[in-house]
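Novice: Here's my sequence, what's the structure:
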Amino acid sequence: MSEAIQIRLGGYGPPETSFSAALKFIGDRLEADFGSDVDVKYVWNIMDLGYLGKDILWLVESGLLSAGYQSSSYLTDRVAELGFIDLPFLFENNGHARANMDGVLGDYLTTKIEARTNFRILGYFENGFRHISNRLRAVRSPADLASMTIRVLPSAVHEKTFQLLGAAPRQMDLTEAIAGVIGGTLDAQENPFANTVTYGVHHHHPYHTMSGHFYLSRPLFANRTQFESWPKDLRCAFAKATQDAVRFQRNLAEAEAVDARRAIEDAGGEIAELSQAEHAAFAAAVAPMLDDARSDYGAEMFDLMKGKP
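Specialist: Reported below is the predicted structural model:
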């Protein structure tokens, strides 16, 4: 390589998060392998620069960033099949979810994303299971959510889920949601504990429910035009580094979840751990969505799964 290839990696969280650490993992690997032939720089949190969280998509797709990550729900308007993995209570645990996202289901979704975008999908970071937090009252049943305004991701599946649970969902970007939590115009939100703490929600919401209603991945994607213009050895090294970074990030995410729970409790938050019967009541309320999904997405999507919901 005669001139250093510029590689710009970006996200929407502080440098301390598992996602930022995984980007640094990739950059460090490339610098170790290619030295001065690559010029790696980072934009840890695009929201610090005035962008919305969702803007990471066009920043990468346009080539202003070489690669980044975003929750898969943000792509459901362009890749309808991603709505399948937005379904509530689809995955039993992290192991079940990872086996599917790393298996034929993930391969199928990767093909669909790449066919409709200028992304090269390199793996799936773990955003994890999502839990409800709110400013009003303890939530142990769907009835406790009655009329609560709750922020959901830009996903029709997520919106319908909380409608069935009796809440008043609002699809909002993360930037707007944080402002709504701080200003008190939103009663509730749902996120993995790590996100709830990263964005300071736990300082405003005293009530937390371990509902685990959705599991989300964050696809790690590169600008395909840039990626395909790189020399073959760099493409191969980047792909290998991202595969290793996915495993690295998932391990960090597990530790983050433990630390985040402690931070919520240290801030005086009340965490409701649902009994089996209480958890079943939430699942029963949204069970019609799995039936609808068989007609919406076809039996093929269910057949691709390891372990049926």
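Novice: what bits of the stretch 51-200 of the chain have low per-residue confidence?
Specialist: For the stretch 51-200 of the chain, no stretch has pLDDT under 70.
Novice: Strands along that one, start to end?
Specialist: 67-69, 119-129, 131-134, 149-152, 168-171, 188-191 (DSSP state E, counting those that start in this stretch).
Novice: can the ones you listed go into TSV with extra columns for distance to residue 23?
Specialist: Just so you know, the C-beta spots here come from the backbone N, C-alpha and C atoms, and that holds for glycine as well. Listed next are those as TSV, based on distance: least, Cβ to Cβ, whole Å:
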stretch	distance to residue 23
strand 67-69	8
strand 119-129	10
strand 131-134	25
strand 149-152	26
strand 168-171	27
strand 188-191	20
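Novice: of these, which approaches residue 217 most closely?
Specialist: strand 119-129 (4.1 Å; Cβ to Cβ).
Novice: That closest one pairs with which strands, parallel or anti?
Specialist: strand 215-223 (antiparallel) (DSSP bridges).
Novice: Now do the strand it pairs with: distance to the chain's middle.
Specialist: 7 Å (Cα atoms, centre = their mean, to the nearest Å).
Novice: next structured bit after it?
Specialist: Counting by DSSP states H and E, the element after strand 215-223 in chain order, helix or strand, is helix 224-229.
Novice: relative to strand 215-223, how tilted is the helix or strand that comes right after that next one?
Specialist: For helix 224-229, the succeeding helix or strand toward the C-terminus, using DSSP H and E, is helix 232-266. Counting by axes from the mean of the first three to the mean of the last three Cα atoms, to 10 degrees, helix 232-266 lies at 150 degrees to strand 215-223.
Novice: what helices or strands is the helix or strand just after helix 232-266 leaning on?
Specialist: Per DSSP H and E, the first helix or strand lying C-terminal to helix 232-266 is strand 270-272. Applying 3 or more Cβ pairs under 8 Å, 6 or more residues apart in numbering; DSSP states H and E, one finds that strand 270-272 makes contact with strand 207-209, helix 232-266.
Novice: of those, which approaches residue 123 most closely?
Specialist: helix 232-266 (4.1 Å).
Novice: Could I get the average pLDDT for the closest one?
Specialist: Averaged across helix 232-266, the pLDDT comes to 97.
Novice: Touching, residue 69 and residue 217? I think so.
Specialist: No. Using Cβ atoms under 8 Å, residue 69 makes no contact with residue 217, being 9.4 Å away.
Novice: Residues that sit against both of these two, list them.
Specialist: Common contacts of residue 69 and residue 217, defined by Cβ atoms under 8 Å, 6 or more residues apart in numbering, comprise residue 125.
Novice: and the gap between the residue nearest to residue 246 when sequence neighbours are not counted and residue 133?
Specialist: Using Cβ to Cβ, 6 or more residues apart in numbering and skipping the chain neighbours, the partner closest in space to residue 246 is residue 123 (4.1 Å). Distance of residue 123 to residue 133, given as Cβ to Cβ, to the nearest Å: 29 Å.
Novice: and what of residue 54?
Specialist: Distance from residue 54 to residue 133, by Cβ to Cβ: 21 Å.
Novice: When these two are compared, which one has more neighbours?
Specialist: Taking neighbours as other Cβ atoms under 10 Å, residue 54 and residue 133 compare with residue 133 leading, 25 against 20.
Novice: what about stretch 178-195, start to end distance?
Specialist: Distance across stretch 178-195, first residue to last, is 11 Å (Cα to Cα, to the nearest Å).
Novice: Break this structure down into its structural domains.
Specialist: Domain segmentation of the chain under automatic domain parsing yields 5-78+91-125+216-259, 131-214+264-304.
Novice: can I get these in TSV with distance to residue 85?
Specialist: Below are those laid out as TSV (distance: least, Cβ to Cβ, whole Å):
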stretch	distance to residue 85
domain 5-78+91-125+216-259	6
domain 131-214+264-304	9
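Novice: on that earlier part again, just to check, the residue nearest to residue 246 is in contact with residue 243?
Specialist: Yes. The pair residue 123 / residue 243 is scored as a contact, 5.9 Å apart, by Cβ under 8 Å.
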